[in-house]
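>>> Below are the sequence and a predicted model for it; my questions follow.
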Amino acid sequence: MAMASANVLLLPEAGSGHLMSLIEAGKRLLAHGGRGDGEGPAVTVTVLVVRPATSESAAEVDAHVGRVEASGLGVRFHRLPAVEPPPMGCAAGNVQEFKSRYMQLQAPHVRAAAAELGAAALVVDFFATGVLDAAREAGVPTYVYFTSTAALLALMLRLPALEEEVPVDFEEFDGTVDVPGLPPVPAGSLPAFMGRKESPNFKWFVYHGRRFMDADGIIINTVAELEPALLAAIADGRCVPGRTAPPLYPIGPVLDLEDKPSSNARCVRWLDAQPPASVLFLCFGSMGWFDAAKAREVAAGLERSGHRFLWALRGPPAAGTVHPTDASLDELLPEGFLERTKGRGMVWPTWAPQKEILAHAAIGGFVTHCGWNSTLESLWHGVPLVPWPLYAEQRLNAFELVRDMGVAVPLGVDGKRRDSFVEAAELERAVRSLMDDASEVGRKAREKAAEMKAVCRNAVAPGGGSSYAALQRLLGAIRGGFSTMTQ
Ligand SMILES: COc1cc(-c2[o+]c3cc(O)cc([O-])c3cc2O[C@@H]2O[C@H](CO)[C@H](O)[C@H](O)[C@H]2O)cc(OC)c1O
Ligand SMILES: O=c1ccn([C@@H]2O[C@H](COP(=O)(O)OP(=O)(O)O)[C@@H](O)[C@H]2O)c(=O)[nH]1
């Protein structure tokens, strides 16, 4: 008898970054799903689109959904009815709480969509574990899609216990925390949301950490060989002793890696004229920006290092928005800096074509805020890093990149007293340690990054790759559950 297609529903968080990552994962499910026993495809993928709470974010999401719809890739979209956002509103200090509560409010609509669309499985963003009960009531197997590292996942699984073990607020703690699979983590490398235990943001992360254990599986945007000890620790139950962890599916790197026509941006053309592996790229994600005090330190550090650089510099967001504005170079840079560094440096004051830049042969290093997507993009191209974490879980990523993976050289960032401030002399030192030919530390980081490039590429290779195999296992689990449901 012909088997129907298994419809996999994806529930991204209501913002474009996580939506893009989950859609990318959905495209892989479609590509791997192939044809079923009957006439149609083995799986179909439908994204449940949550209307973002701000018009800025809604416009981004609409544009992205429009692009994917127009691409004819076969990903379907189902817009969930509008929900009144939590009354507290979304401000800089309560982002995690707001996102989590807003996603929890979608639960009745998710249940209705699952019934209407005939869901074989639901895959939810990690901010959306609040819909797990509704999905269970609807009888739909539910997977969590984790957009960050196995290190953050292990830490989040440990959070309920850690909250008890550490007697004071983490912002007052100066010891180390045990995360199975990582060297002891200094308090200063813990994610920003862990400051005060009484804060709603922290409580929501504890909640999500607990709920991950109730999922039918955790799909994670990492590569088995990048974080082997952490994935083993989670799978062996060392993060939550006494309970069996849900199956893990490391399917990364989940990046939009399709060949795109060259953007022909002036900064990329400038790179064409630079020697191989000679240019340091600096870029700080979709939310990183600098004021004049920080920008001047960066400028002085780069100037003194003597190395070539391409610096994507952004200015503060306009009131009521989160995204940086294009930099006003006259206001942010020291006088004469552009003239003095002419020929060996370029400052790019707007959104940069980061993936194209990292793919360029002239790039030899990347000063990054350590967003996990940026990190994976860098490793995909074998570019070693200098970590300058700014927000979210990035301090933990920075620690792992230096201490565990060895693909980055350390940078002293004053996260406690001066809001991620870096002195010019410290930046100069770190740049030299990565980029100087004679630097032993730099040589090791370059070698490790080249190793990780091979690891990432092998992982997604058809047949033997670990991420390829994880996707096959995931599809097997979804199809297996589905055929039981439809019998
Ligand atoms: C991982 O911990 C946090 C992640 C985020 C967060 O949330 C988010 C939600 C969206 O709808 C769109 C996004 O673009 C987005 C981005 C984001 O942070 C970045 O996530 C990346 C992968 O998940 C990456 O790891 C970067 O380091 C993050 O900068 C927000 C947050 O607190 C506000 C977190 O603690
Ligand atoms: O000027 C920029 C800044 C960011 N990015 C892209 O935006 C994403 C940033 O994601 P990440 O997880 O690193 O950090 P976030 O912005 O979510 O904090 C990555 O794909 C980058 O390539 C880009 O293309 N140009």
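That came through fine. Ligands and ions are numbered 1, 2, ... in the order given.

>>> Please, where are all the helices along the stretch 1-150 of the chain?
Listed in chain order, the helices of the stretch 1-150 of the chain (DSSP state H, counting those that start in this stretch) span 16-33, 55-71, 95-104, 107-117, 132-137, 150-165.

>>> and P52, how far is that from N201?
Distance, P52 to N201, using Cβ to Cβ, to the nearest Å: 19 Å. C-beta: built from backbone N, CA, C; applies to glycine.

>>> Contact partners for the residue in the chain that ligand 2 sits nearest to?
When scored by Cβ to the nearest ligand atom, the chain has G371 as its residue closest to ligand 2, at 2.2 Å. G371 makes contact with G285, S286, A392, Q394, N397, according to Cβ atoms under 8 Å, 6 or more residues apart in numbering.

>>> let's see 6 Å
Counting by Cβ atoms under 6 Å, 6 or more residues apart in numbering, G371 makes contact with G285.

>>> Likewise for H381?
Contacts of H381 (Cβ under 6 Å, 6+ apart): L358, A359.

>>> repeat for H323
Each residue near H323 by Cβ under 6 Å, 6+ apart is listed here: P317.

>>> now with 10 Å?
Shown in contact with H323 (Cβ atoms under 10 Å, 6 or more residues apart in numbering): E56, S57, E60, S286, M287, W289, R314, P317, W351.

>>> filter those down to the ones close to ligand 2.
Contacts with ligand 2 within those, counted by Cβ under 6 Å from any ligand atom: S286, M287, W351.

>>> Moving along the chain from the helix or strand encompassing F309, name the first helix or strand you hit.
Counting by DSSP states H and E, the secondary-structure element that holds F309 is strand 308-312. With elements assigned by DSSP H and E, the helix or strand that comes after strand 308-312 is strand 314-315.

>>> Return the backbone torsion pair for the residue of the chain closest to ligand 2.
phi -50, psi 140 (degrees, to the nearest 10).

>>> before we move on, back to that, got JSON lines for the helices of the stretch 1-150 of the chain, with mean pLDDT and distance to A449 too?
Below are the helices of the stretch 1-150 of the chain laid out as JSON lines (pLDDT from 0 to 100; distance: least, Cβ to Cβ, whole Å):
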{"stretch": "helix 16-33", "mean pLDDT": "90", "distance to A449": "22"}
{"stretch": "helix 55-71", "mean pLDDT": "89", "distance to A449": "30"}
{"stretch": "helix 95-104", "mean pLDDT": "94", "distance to A449": "31"}
{"stretch": "helix 107-117", "mean pLDDT": "96", "distance to A449": "40"}
{"stretch": "helix 132-137", "mean pLDDT": "94", "distance to A449": "37"}
{"stretch": "helix 150-165", "mean pLDDT": "97", "distance to A449": "18"}
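
>>> Write out the residues of the stretch 151-300 of the chain neighbouring ligand 2.
Residues of the stretch 151-300 of the chain lying close to ligand 2 (Cβ under 6 Å from any ligand atom) are C283, G285, S286, M287.

>>> contacting residues for the third one?
What it means is S286. Per Cβ under 10 Å, 6+ apart, neighbours of S286: 15-17, 60, 314, 322-324, 351, 354, 369, 371, 373-374.

>>> Please apply the same query to the second one.
Applying Cβ under 10 Å, 6+ apart, we find G285 in contact with 17, 312, 314, 324, 354, 368-371, 373-374, 390-392, 394.

>>> filter those by proximity to ligand 1?
Okay, of those touching ligand 1 (Cβ under 6 Å from any ligand atom), that's G17, G371, N373, Y391, A392, Q394.
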